[in-house]
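A.B. asks: All I have is the shape, not the residue letters:
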């Protein structure tokens, strides 16, 4: 398929290592690995921490919200939620209207742990952004927001 006018990538000279998608994937993996190291002693993973912080910050209240936000398959997400419930960090509460659904709530222990996660996120992000200026960070966030706005 020929490139359209204005396309920045062309199939005939595409190199995966030069792809923004590849770089974003590697960056995401690096961020999650760094968070994993920081929270390992807490008995959670970065993915579990993300669930806790999304719920704590009001970004999700049901498993379906988390699946959409993280692009997780529902089976693995259900298992991860089950592990957080078993650890006493999360509880499933029957949904007020939809009896098939459950609302996810942090327990007191989950709230205490979620309150510690922003400091980890800040530490990891600052390490990855070493040498950036505020203006460069703002531009980067703007570029990423534009890419998200362009999604199908």
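C.D. replies: That came through fine. This is a predicted model, so every value here is computed, not measured.

A.B. asks: what's the helix or strand harbouring residue 114 packed up against?
C.D. replies: Using DSSP states H and E, residue 114 maps to helix 108-128. Taking 3 or more C-beta pairs under 8 Å, 6 or more residues apart in numbering; DSSP states H and E as contact, the helices and strands that helix 108-128 lies on are helix 20-39, helix 46-56. The C-beta positions use only the backbone N, C-alpha and C, and glycine is treated the same way.

A.B. asks: Let's test this: mean pLDDT of the next helix or strand after the last one, rounded?
C.D. replies: Pointing back at helix 46-56 there. Where DSSP H and E defines the elements, the next helix or strand beyond helix 46-56 is helix 63-70. Averaged over helix 63-70, pLDDT sits at 84.

A.B. asks: Buried residues, helix 63-70. List them.
C.D. replies: Under the neighbour-count criterion of 16 or more other C-beta atoms under 10 Å, helix 63-70 has 63, 66, 67, 70 buried.

A.B. asks: How about the second one: what's its closest non-neighbour residue?
C.D. replies: In space, residue 66 comes closest to residue 60 once its chain neighbours are excluded; the distance is 4.6 Å by C-beta to C-beta, 6 or more residues apart in numbering.

A.B. asks: The one you found: what's it in contact with?
C.D. replies: 51, 54, 66, 69, 104 (C-beta atoms under 8 Å, 6 or more residues apart in numbering).

A.B. asks: Return the helix or strand in this protein with minimum mean pLDDT.
C.D. replies: helix 63-70 (a mean of 84; mean pLDDT, DSSP states H and E).

A.B. asks: between that helix and helix 46-56, how many degrees?
C.D. replies: 120 degrees (axes from the mean of the first three to the mean of the last three C-alpha atoms, to 10 degrees).
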